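Asker: Build the 3D model from these lines:
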Amino acid sequence: MDLRIVYYILGRLVVAETAIMLVPFGISLYNGEECTAGFAAALAICALVGIELRLHGRVRVERLTMREGVAITGIGWILATALGMLPYLCGGYLGLLDALFESISGFTGTGATVMENLSSLPSAILFWRMMTHWFGGLGIIVIFIALLPQTGQSTIYMYNAETTGPTRERVLPRLRDMTKTLFQMYMIFTLSATVIYMLCGLSLMEAITHALSTIGTGGFSTYDDSAMHFDNVALEAWMTFFMILAGGNFGLYYRIWRKGPGVIRHNTEFKAYIGLELAAMLLIAVNLIQAMGISPAEAIRYASFQVGSISTTGFVSTDFDQWPGFSKGVLMLLMVCGGCAGSTASGVKVSRMVLLVKNAWAVVHQKLSPRRVVEVRMNGSKVDEETLLRVGQFFFLYIFCIVFFALLLTLDGLKIFDSLGISMTVMGNVGPAFGVAGATCTYAGGSVFAKSILCIEMLLGRLEMFTLLVMLSPDFWQKGNRW
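Answerer: I've put the predicted structure just below:
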């Protein structure tokens with residue numbers, strides 16, 4: 001591994017993050033807020049780190065190796081989240097661990113917060129929280145490839161190490177063109193959400209910040225009671241639409257734009273995603289009507305919003321911790337499932353769940369008819385055995401991580417159901433859970449041990465585990481190994 005090219009690209013990432021941080025710094029200057037000095041200190045530290053990395057790095061014409069691409073992505077995310085905590089830390093709003101937790105939660109789109117009394121915080125700090133959602137949602141590396149001029153080396157391994165899903169499908173042959181297209185769509189969705197939120201009665205700042213959080217599938221809000229603060233049916237309906245939209249495959253949206261909506265008929269994952277969302281909404285609405293006596297209109301309102309939210313962002317429109325056990329069980333399944341591959345949402349991904357179900361069905365048929373050849377098909381094409389094996393391996397490791405981290409949380413005195421809920425929601429980068437971390441609660445009361453392991457789990461969930469886990473292997477860092 002050539003560490004100098006790793007340093008060089010990481011230096012460019014840090015410089016880019018420094019430039020991004022100038023936006024909330026400008027807001028704090030314009031409003032004359034108390035956090036201006038904190039942002040100035042954060043900018044100075046980021047600039048120094050970026051310059052130091054650039055001085056130790058070098059440009060290389062040759063293509064990046066897989067190992068260098070994985071290292072840049074893994075270390076880049078750790079470095080970006082570490083520097084992202086500086087406005088909270090330098091401004092005196094949070095301690096070291098809490099600031100790191102808030103930053104990781106923001107960039108990974110988890111939306112689990114340790115901040116309380118948000119309405120008392122400066123607007124620049126609140127805006128920075130939402131910006132971390134937005135830049136982490138599409139992906140730090142994806143936006144980096146899309147916006148910054150390249151130095152000649154291949155960035156495909158960086159892209160593959162960050163993007164999610166069982167396959168690495170491309171909508172355009174050139175990686176730079178594809179990432180620019182995805183970023184442009186991301187911008188259009190965000191601007192559309194901002195305008196519509198303003199039409200629903202939100203101020204400009206409220207509309208922008210919540211649009212950033214919605215399209216980035218994060219879940220941070222500028223108010224402690226999240227979407228409940230507005231109590232606006234029209235706003236909740238549009239937020240539900242944009243949350244579900246952000247949970248879909250952005251590559252599919254590009255093909256719809258180019259070829260028309262007919263391409264949806266041949267996309268197995270998107271049809272399963274919409275079907276799953278509608279089924280969950282119906283089941284929860286019926287359960288709320290029967291068990292809690294809620295009117296059908298209110299049941300549909302709350303069920304649809306929380307189904308869209310738990311699958312993607314983590315916004316809260318009602319205290320779903322008070323719902324019946326069946327409804328909470330459905331929400332837990334959605335936490336695990338998440339959104340589509342190629343979306344800004346995390347989780348196992350609908351495409352993997354579809355392949356797992358189809359593969360299990362194929363195994364059953366083969367047991368009944370051993371000589372029968374049963375193909376697993378996705379989007380009209382046969383899925384090869386290697387992909388199915390990778391999907392099975394990923395699902396096992398994903399569930400193992402949920403259970404393992406839940407057991408660690410029980411060592412801290414948490415009940416097993418609370419621990420499982422927290423582990424599921426953090427691994428799926430959703431945010432709210434049940435019990436001590438329920439819809440109306442924060443993670444501020446967690447211990448140092450609990451917050452530390454949750455920081456690790458959030459990063460594992462966002463980068464789909466393998467990017468970080470492979471870096472723990474001694475072989476990864478040994479010289480002479482070819483990757």
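Asker: In the helix or strand hosting Val391, which residues are buried?
Answerer: Here Val391 sits within helix 385-410, counting by DSSP states H and E. Neighbour counts using 16 or more other Cβ atoms under 10 Å place 387-388, 390-391, 394-395, 397-398, 401-402, 405-406, 408-409 of helix 385-410 among the buried residues. Quick note: C-beta positions are derived from backbone N, CA and C, even for glycine.
Asker: again with stretch 342-361
Answerer: For stretch 342-361, the neighbour count (16+ other Cβ under 10 Å) marks 342-356, 358-359 as buried.
Asker: Now the helix holding Val391: average pLDDT?
Answerer: For helix 385-410, the mean per-residue pLDDT is 94.
Asker: For Leu472, grab the count of nearby residues.
Answerer: Using other Cβ atoms under 10 Å, Leu472 has 9 neighbouring residues.
Asker: which residues does it contact?
Answerer: If a contact means Cβ atoms under 8 Å, 6 or more residues apart in numbering, then Leu472 has no contacts.
Asker: Can you pull the phi and psi angles for it?
Answerer: Here is the backbone geometry of Leu472 (degrees, to the nearest 10): phi -80, psi -10.
Asker: same question, Lys382
Answerer: phi -70, psi 140.
Asker: swap in Ser381?
Answerer: Backbone geometry at Ser381, expressed as degrees, to the nearest 10, gives phi -120, psi 150.
Asker: What is the burial count for it?
Answerer: Around Ser381 there are 10 residues (other Cβ under 10 Å).
Asker: how long is stretch 375-391 end to end?
Answerer: 16 Å (Cα to Cα, to the nearest Å).
Asker: neighbouring contacts of that stretch?
Answerer: Outside of stretch 375-391, the residues within contact range by Cβ under 8 Å, 6+ apart are 166-167, 266-269, 351-352, 354-356, 358-359, 362.
Asker: Now with 7 Å, please.
Answerer: For stretch 375-391, the external contacting residues (Cβ atoms under 7 Å, 6 or more residues apart in numbering) are Pro166, Thr167, His266, Asn267, Thr268, Arg352, Val354, Leu355, Leu356, Lys358, Asn359, Ala362.
Asker: just the helices in the stretch 351-483 of the chain please.
Answerer: Taking DSSP state H, counting those that start in this stretch as the criterion, the stretch 351-483 of the chain contains helices spanning 385-410, 416-427, 448-462, 466-469, 474-477.
Asker: Which among those is found nearest to Met185?
Answerer: helix 448-462 (20.4 Å; Cβ to Cβ).
Asker: Just give me how far the closest one sits from the chain centre.
Answerer: Centroid displacement of helix 448-462 relative to its chain, using Cα atoms, centre = their mean, to the nearest Å, is 14 Å.
Asker: contact partners of it?
Answerer: With Cβ under 7 Å, 6+ apart, helix 448-462 has contacts from 77, 97, 100-101, 104-105, 108-110, 346, 401, 405, 408-409, 412, 423, 426-429, 443, 468.
Asker: Would you mind listing which of these are buried?
Answerer: For those, a neighbour count by 16+ other Cβ under 10 Å gives the buried set as 77, 97, 100-101, 104-105, 108-110, 346, 401, 405, 408-409, 423, 426-429, 443, 468.
Asker: Could you report the distance from Trp128 to Ile27?
Answerer: Distance, Trp128 to Ile27, using Cβ to Cβ, to the nearest Å: 9 Å.
Asker: What about the closest residue to Lys415 other than its chain neighbours, how many residues nearby?
Answerer: Closest residue to Lys415 apart from its sequence neighbours, by Cβ to Cβ, 6 or more residues apart in numbering: Gly435 at 6.7 Å. By the measure other Cβ under 10 Å, the count of residues near Gly435 is 15.
Asker: Gly435 is in contact with Asp418, isn't it?
Answerer: Yes - between Gly435 and Asp418 there is a contact under Cβ atoms under 7 Å: 3.8 Å.
Asker: where do the contact lists of those two overlap?
Answerer: Here Gly435 and Asp418 share no contacting residue, scored by Cβ under 7 Å, 6+ apart.
Asker: what sits against Ile196?
Answerer: Counting by Cβ under 7 Å, 6+ apart, Ile196 has contacts Trp238.
Asker: okay, Arg482: pLDDT?
Answerer: 57.
Asker: what's the answer for Ile72, then?
Answerer: Model confidence at Ile72, given as pLDDT, is 88.
Asker: same thing with the one 4 residues further on?
Answerer: Predicted confidence (pLDDT) at Gly76: the value is 92.
Asker: Show me the shaky parts of this structure.
Answerer: 60-62, 148-155, 157, 161, 164-173, 479-483 (pLDDT under 70).
Asker: Scan it for its longest helix.
Answerer: helix 3-31 (DSSP state H).
Asker: buried set for it?
Answerer: With burial defined by 16+ other Cβ under 10 Å, the residues of helix 3-31 counted as buried are 5-18, 20-21, 24-25, 27-28.
Asker: The residue lying closest to His229 once chain neighbours are set aside: how many residues sit nearby?
Answerer: Closest residue to His229 apart from its sequence neighbours, by Cβ to Cβ, 6+ apart: Tyr223 at 3.9 Å. Residues lying near Tyr223 (other Cβ under 10 Å) number 14.
Asker: for Leu199, same thing?
Answerer: 12.
Asker: Ser346 against Val336, yeah?
Answerer: No - counting by Cβ under 7 Å, Ser346 stays clear of Val336, with 10.4 Å between them.
Asker: Would you mind listing the residues touching both of those two?
Answerer: Shared contacts of Ser346 and Val336, defined by Cβ under 7 Å, 6+ apart, are found at Gly428.
Asker: So what does the nearest residue to Gly347 once chain neighbours are set aside have for phi and psi?
Answerer: What sits nearest to Gly347 in space, not counting adjacent residues and going by Cβ to Cβ, 6+ apart, is Gly338, at 1.6 Å. Backbone torsions of Gly338, given as degrees, to the nearest 10, read phi 70, psi -150.
Asker: Confirm for me that Gly338 is in contact with Val348.
Answerer: Yes - between Gly338 and Val348 there is a contact at 5.9 Å, judged by Cβ under 7 Å.
Asker: can you pull the contacts of Ile284?
Answerer: By Cβ under 7 Å, 6+ apart, Ile284 lies in contact with Ala303, Val307, Ser327, Val330.
Asker: again, only using 10 Å
Answerer: Ile284 sits next to 299-300, 302-304, 306-307, 320, 323-324, 326-331, 334 when contact means Cβ atoms under 10 Å, 6 or more residues apart in numbering.
Asker: Same check on Ala234?
Answerer: Ala234 sits next to Ile196, Tyr197, Leu199, Cys200, Gly201 when contact means Cβ under 10 Å, 6+ apart.
Asker: what's the spacing between it and Gly201?
Answerer: For Ala234, the distance to Gly201 equals 8 Å [Cβ to Cβ].
Asker: and the direction of the helix or strand harbouring Gly308 versus that of helix 416-427, what angle?
Answerer: Assigned by DSSP H and E, Gly308 falls within helix 296-311. Here helix 296-311 points in a direction 70 degrees away from that of helix 416-427 (axes from the mean of the first three to the mean of the last three Cα atoms, to 10 degrees).
Asker: For helix 296-311, list every residue counted as buried.
Answerer: Using 16+ other Cβ under 10 Å as the test for burial, helix 296-311 gives 299-311.
Asker: Stretch 197-209 now?
Answerer: Judged by neighbour count using 16+ other Cβ under 10 Å, the buried positions of stretch 197-209 are Tyr197, Cys200, Leu202, Glu206, Ala207, Ile208, Thr209.
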